[in-house]
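Engineer: Build me a structure from this.
(2 chains)
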Amino acid sequence: MKQFVTRRLGYSLISLLVLSLTIFLFVRVTGDPASLLVEPGASEADIAAIHQKFGLDKPLWVQYGLFMGSLMRGDFGQSFYYQTPVFELYLDRLPNSLLLALVAMAFSLVVGIPTGILSAVRVGHFWDNVGKMFALLGLSLPSFFVGLLMILLFSVYLGWLPSSGSGTPLHLIMPAFALGWYFAAAHMRLTRSSMLEVLGSEYVKLARLKGLPPSMVIAKHAFKNALIPVLTLAGINLVLMINVAVVVETVFAWPGIGRLLYEGISFRDFPVVQGVVIMGGVMIVAVNFAVDVVYAVIDPRIRLEK
Amino acid sequence: MSITTETIALTSQPQQRSSAARLSDLPMIPIIILGVITFVAIFADFLAPHNPEVGALTARFRPPFWQNGGSWDHILGTDQLGRDVLSRLIFGARVSMVVGFTAVIFAGVIGTCLGILAGYIGGWVDQVIMRVVDAWLALPALTFAIFLAAIVGPSMWNIVIILGAVYWTRYARIVRGEVLSLKEREFVRLAVVAGCSKMTIMRRHILPNVVNSAIVLATLMLGVVIVTEASLSFLGVGVPPPQPAWGLMLSDGKQGLMVGYWWLTVFPGCCIMLMVLSANLLGDWLRVKLDPQLRQL
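Structural biologist: Numbers count the residues shown, from 1 in each chain, chains lettered A, B, ... in the order given. Below you'll find the model as predicted:
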């Protein structure tokens, strides 16, 4: 077990290293990074000062060392627009993103799991087809279009919900729906296939042969086991939701991390953009590592494989 | 149900699977939609009633023809600069098609080549390529694309390169997996015995066997790539204005939404949706037909 965790940890660290190297190199290969690190319209002297300050005149590997050193200390640089450290801005916005992601996740599970079970139980019939249609629509409708359509319907025509901003539970409804929509479809698909697999297994057949009523078989025997992969995916998706909400947050002016990223783009505030991207990568590598470890604890086969 | 009848038909008379029988169960709706969009994209110059990039400020925010104030001159209305929405949609199809197809092919070529190299040569080549793949897959695609767009600056061809750079990893991972199992097959071993060079084996024996999976994946990726392109345009780091891209039209239309100018949002949104839906339907169909191994993808 210890060996497994160490190896996984090693892989995660390599991933993070490659990630930081990628970001570091992309910035330098595509042009003079000083032009990204100074405010637009800066003078020659400013650019020279930046070169000096960030050590851009030093060899590449020294630069990488400096870059990594500041990342380790949680120093992502200063935001040009807000004039505060990027990391502080990020932590400021994180609770909002978390709240939105949690509500969207709840919505996607409440919708996705029952429809997935329904499709699996009635496979090939009417409800299965409805479920498939729903999944297809969910995966094909871009979240910003869903969001704009909802604004049109619920804010402009009906006037029931506020179109943007945050503060009250009412503000949460539309962004959470728009964000959760795609994930609801993904969760539905996985619930369906995982449920189908479990329903075909020996112990479910045995439960049926024992004479257990079908509803009991589904609820007690099949459902519990079918849920494991879905919940794993949900865990990964929660982290993903925090990081891909940029479009939804822009549509609804929700003050989360995505909105921070969008502001970073529109104000050409490069340290903010870079910081948000790196944090996203770190979070996802961390959650993948956690999932691997939890799986290894549950399932010895994974732990023992080479 | 349909699966069982298909298997029975297959086992009883395998030689009867003529091309005509295959054609009959082609998914017609997505093919027609994609065909129409392609046609419109190619002949945009002849089809568009107005110049998509120039508008008359005197004719701003005209509604579609059936609404009060609309006219047949601007069938789907005009936008905030008085530009004809229909013409912009028609030229937007060209942008989506060009970006979507070239980006998918670009990503596919890089991903397939690197996947074959990693899988066949193995060793440190495999390690290097796969570690990069792992790391890049850890970045959410949209965020990664935004980051790249922020560095290189927006333009249509930059977007193609960015999308290629973001999405090749998915091909590489799947192709590598296939190559690992192909490597152990008789025909590849025989080719080694016959004295083929590594290059020849990869090109003549491995590549043709992974092309199917790459094509299936490419079709499925088309929808993803188009949504990403639209999202980038929507956020202002995609195709730069005044070029008409559907995502850009949506973000421009956002301001007019609160005053009820619905046509600026609904029409481009529906175009994106139709195209992505068709690509997904076609991809699902191809996946089942061409490559049974990818069914659980």
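Engineer: Find the residue at the geometric middle of chain A.
Structural biologist: Ranked by distance to the mean C-alpha position of chain A (CA atoms, centre = their mean), the top residue is A:Leu240 at 0.8 Å.
Engineer: Quick one: check the host helix or strand of it for contact with chain B.
Structural biologist: A:Leu240 belongs to helix A:223-244 when elements are defined using DSSP states H and E. Yes. Using CB under 8 Å from any CB of the partner chain, helix A:223-244 reaches chain B at A:Leu240, A:Asn243, A:Val244. Using the backbone N, CA and C atoms, a C-beta is placed for each residue, glycine as well.
Engineer: Residue nearest the middle of chain B, spatially speaking?
Structural biologist: By CA atoms, centre = their mean, chain B has its centre lying nearest to B:Leu222, at 1.6 Å.
Engineer: What is the neighbour count of residue 52?
Structural biologist: Here I'm looking at chain A. When counting by other CB atoms under 10 Å in any protein chain shown, one arrives at 11 neighbours for A:Gln52.
Engineer: switch to chain B, that's the one I care about
Structural biologist: Neighbourhood size, B:Pro52 [other CB under 10 Å]: 22.
Engineer: where does it land on pLDDT?
Structural biologist: With respect to pLDDT, B:Pro52 has a value of 76.
Engineer: I'd like the distance between it and chain A.
Structural biologist: In this view, B:Pro52 and chain A are 21 Å apart by CB to the nearest CB, to the nearest Å.
Engineer: show me the contacts for that residue.
Structural biologist: Shown in contact with B:Pro52 (CB atoms under 8 Å, 6 or more residues apart in numbering or on different chains): B:Arg83, B:Asp84, B:Ser87, B:Arg88, B:Ile90, B:Phe91, B:Gly92, B:Pro244.
Engineer: Name the secondary structure element that contains the fourth one.
Structural biologist: Following DSSP H and E, the helix or strand that holds B:Arg88 is helix B:85-121.
Engineer: ok, is the next helix or strand after that helix in contact with chain A or not?
Structural biologist: Once the chain leaves helix B:85-121, the next helix or strand it forms, by DSSP H and E, is helix B:123-138. Yes. Applying CB under 8 Å from any CB, one finds helix B:123-138 touching chain A at B:Arg131, B:Val132, B:Asp134, B:Ala135, B:Trp136, B:Ala138.
Engineer: my read: the last one touches A:Val287, true?
Structural biologist: Translated: B:Ala138. No. If you go by CB atoms under 8 Å, B:Ala138 and A:Val287 don't touch, sitting 9.6 Å apart.
Engineer: Between those two, tell me which one has more neighbours.
Structural biologist: B:Ala138 (23 against 17).
Engineer: so what's B:Ser87 up against?
Structural biologist: By CB under 8 Å, 6+ apart, B:Ser87 lies in contact with B:Ala48, B:Pro49, B:His50, B:Asn51, B:Pro52, B:Pro244.
Engineer: could you redo the last one with a cut-off of 6 Å?
Structural biologist: B:Ala48, B:Pro49, B:His50, B:Pro52 (CB atoms under 6 Å, 6 or more residues apart in numbering or on different chains).
Engineer: One more: B:Ala279?
Structural biologist: Remark: with contacts taken as CB under 6 Å, 6+ apart, B:Ala279 is in contact with B:Leu222, B:Gly223.
Engineer: Which pLDDT value goes with it?
Structural biologist: Looking at B:Ala279, its pLDDT is 89.
Engineer: now the strand or helix carrying A:Met174: mean pLDDT?
Structural biologist: Element membership for A:Met174 (DSSP H and E) is helix A:169-199. Average pLDDT, helix A:169-199: 86.
Engineer: helices or strands next to it in the packing?
Structural biologist: Judged by 3 or more CB pairs under 6 Å, 6 or more residues apart in numbering or on different chains; DSSP states H and E, the packing partners of helix A:169-199 are helix A:86-121, helix A:126-140, helix A:143-150, helix A:223-244, helix A:246-252.
Engineer: average model confidence for the second one?
Structural biologist: When pLDDT is averaged along helix A:126-140, the result is 83.
Engineer: counting contacts, what elements does that helix pack onto?
Structural biologist: Applying 3+ CB pairs under 6 Å, 6+ apart, we find helix A:126-140 packed against helix A:86-121, helix A:169-199, helix B:263-290.
Engineer: Can you convert those into CSV and add a column each for distance to B:Leu26?
Structural biologist: Converted to CSV, those look like this (distance: least, CB to CB, whole Å):
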stretch, distance to B:Leu26
helix A:86-121, 25
helix A:169-199, 24
helix B:263-290, 8
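Engineer: Just the buried subset of the residues of helix B:123-138 next to chain A, please.
Structural biologist: B:Val132, B:Asp134, B:Ala135, B:Trp136, B:Ala138 (16 or more other CB atoms under 10 Å in any protein chain shown).
Engineer: Pretty sure B:Leu190 sits in a strand.
Structural biologist: No. Counting by DSSP: H, G, I helix; E, B strand; the rest coil, B:Leu190 is located in no strand; its state is helix.
Engineer: How many neighbouring residues does it have?
Structural biologist: Residues lying near B:Leu190 (other CB under 10 Å) number 11.
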